[in-house]
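Q: predicted coordinates and the sequence they were generated for:
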Amino acid sequence: MGTTQLESVQEPKYWHLKTVLSEALDSDFAVGEILPNERELAARFGVARATLRQALEQLELEGRLQRRRGVGTTVAPPRLGVAVSTAQHDWTDGVAGEAWQAVDCTTAVAPAPVVAMLDVESDEPVHIVRRIRVTQGQSVAAELLYVPSSSVPELSAIEGPSGPTRARSVVRELHRLGLDGQDRAVELGSARADDAKELDRLPGAPVLVVTTRYLAAGGTAAVSVATYRADTCRLTFGASGDLEISHPGQERKAS
């Protein structure tokens, strides 16, 4: 990676540095290779470490870099399109190596924004299912699925009030309800500590938050808040209008 003079550049220094670094990633580094530390890079390019961090953060957000716990900053692999909006992916559990995997289930009061979407009483406990989205052996998303008891009236208490078995039962009963449709909203956010741990990210790392409202019988049957890794995921829209999320690997299309 060569040096460059940034003193006379009119655009923000970090943005120009990002372009220089991006070109170097294409020519001088291999996928998975670890970058030199910040002190070395800042000295090499004659910029403040704060400027360097801005450039690295932008490259991470664009999916060119990954910051890994105990490893450092590495060159990110190419991305793979993974359908988010098909019922197949919403309800499969551990099938064909690409699915949501149930982690736990608890019963508690949902956050106020979710309560408003579910149209339940503010103090009404709901089932909260925690799942992890796994593709090609990598965790790419963590989800909290909020399900009112009224949406799963046939749910048995045999499995107990918590645990992955209970979580799978809630999801299975919700699927049996016969959903009429769904709507989604996507926004950029920061990883919470629990999500960061499950996604092998640092707390506060950029993430994509996909909020889905599942509809049935003219109302909201459930609400999902899924946190996707922003360093390896990007949003695309297929010909059908279905939302896709892309992450490292071989490119695919939504079904």
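A: In hand now; what should we look at?

Q: got the contact list for the helix or strand harbouring A99?
A: Under the criterion of DSSP states H and E, A99 resides in strand 98-109. Among residues not part of strand 98-109, those counted as contacts by CB atoms under 8 Å, 6 or more residues apart in numbering are 82, 89-94, 115, 122-136, 143, 161-171, 198. Just so you know, the C-beta spots here come from the backbone N, C-alpha and C atoms, and that holds for glycine as well.

Q: can you give me the buried ones in the helix or strand following it?
A: Following strand 98-109 in sequence order, the next helix or strand is helix 112-118 (DSSP H and E). Within helix 112-118, the residues scored as buried using 16 or more other CB atoms under 10 Å are V114, V115, M117, L118.

Q: which pair of the residues you listed spans the longest distance?
A: V115 and M117 (7.4 Å; CB to CB).

Q: in the chain, what helix or strand scores lowest on average pLDDT?
A: helix 87-91 (a mean of 51; mean pLDDT, DSSP states H and E).

Q: can you name every helix or strand that the strand or helix carrying R184 contacts?
A: Assigned by DSSP H and E, R184 belongs to strand 181-190. Counting contacts by 3 or more CB pairs under 8 Å, 6 or more residues apart in numbering; DSSP states H and E, strand 181-190 packs against strand 206-216.

Q: next, the angle from the helix or strand that comes right after the strand it packs on to strand 181-190.
A: Next helix or strand after strand 206-216 toward the C-terminus (DSSP H and E): strand 219-229. Angle between the axes of strand 219-229 and strand 181-190 is 30 degrees (criterion: axes from the mean of the first three to the mean of the last three CA atoms, to 10 degrees).

Q: for strand 219-229, buried residues please.
A: T220, A221, A222, V223, S224, V225, A226, T227, Y228, R229.

Q: return the alpha-carbon coordinates of the longest helix belonging to the chain using CSV.
A: In the chain, assigned by DSSP state H, the helix with the most residues is helix 13-28. Extracted C-alpha coordinates of helix 13-28, given in CSV (Å, rounded to 0.1, in the frame of the first residue of the first chain):
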residue,chain,number,x,y,z
LYS,A,13,-9.8,14.0,3.9
TYR,A,14,-11.4,10.9,5.2
TRP,A,15,-13.4,10.5,2.1
HIS,A,16,-10.4,10.8,-0.2
LEU,A,17,-8.5,8.5,2.1
LYS,A,18,-11.4,6.0,1.8
THR,A,19,-11.1,6.0,-2.0
VAL,A,20,-7.3,5.5,-1.7
LEU,A,21,-7.7,2.6,0.7
SER,A,22,-10.5,1.0,-1.4
GLU,A,23,-8.2,1.0,-4.4
ALA,A,24,-5.4,-0.6,-2.3
LEU,A,25,-7.8,-3.3,-1.0
ASP,A,26,-8.4,-4.3,-4.7
SER,A,27,-4.7,-4.4,-5.6
ASP,A,28,-2.7,-5.1,-2.6
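
Q: that one: which residues count as buried?
A: Those would be K13, Y14, H16, L17, K18, V20, L21, L25, for helix 13-28 by 16+ other CB under 10 Å.

Q: I'd like the buried residues of helix 112-118 as CSV, with distance to A191 appended.
A: Output for the buried residues of helix 112-118, formatted as CSV (distance: CB to CB, whole Å):
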residue, distance to A191
V114, 19
V115, 23
M117, 22
L118, 24
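
Q: mind putting those residues into CSV with distance to T51 and pLDDT?
A: Below are the buried residues of helix 112-118 laid out as CSV (distance: CB to CB, whole Å; pLDDT from 0 to 100):
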residue, distance to T51, pLDDT
V114, 40, 95
V115, 43, 95
M117, 41, 94
L118, 45, 94
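
Q: backbone phi and psi for L35, please?
A: phi -80, psi 160 (degrees, to the nearest 10).

Q: need phi/psi at the residue nearest to it when sequence neighbours are not counted.
A: Closest residue to L35 apart from its sequence neighbours, by CB to CB, 6 or more residues apart in numbering: T73 at 4.6 Å. In terms of degrees, to the nearest 10, the main-chain angles of T73 are phi -100, psi 120.
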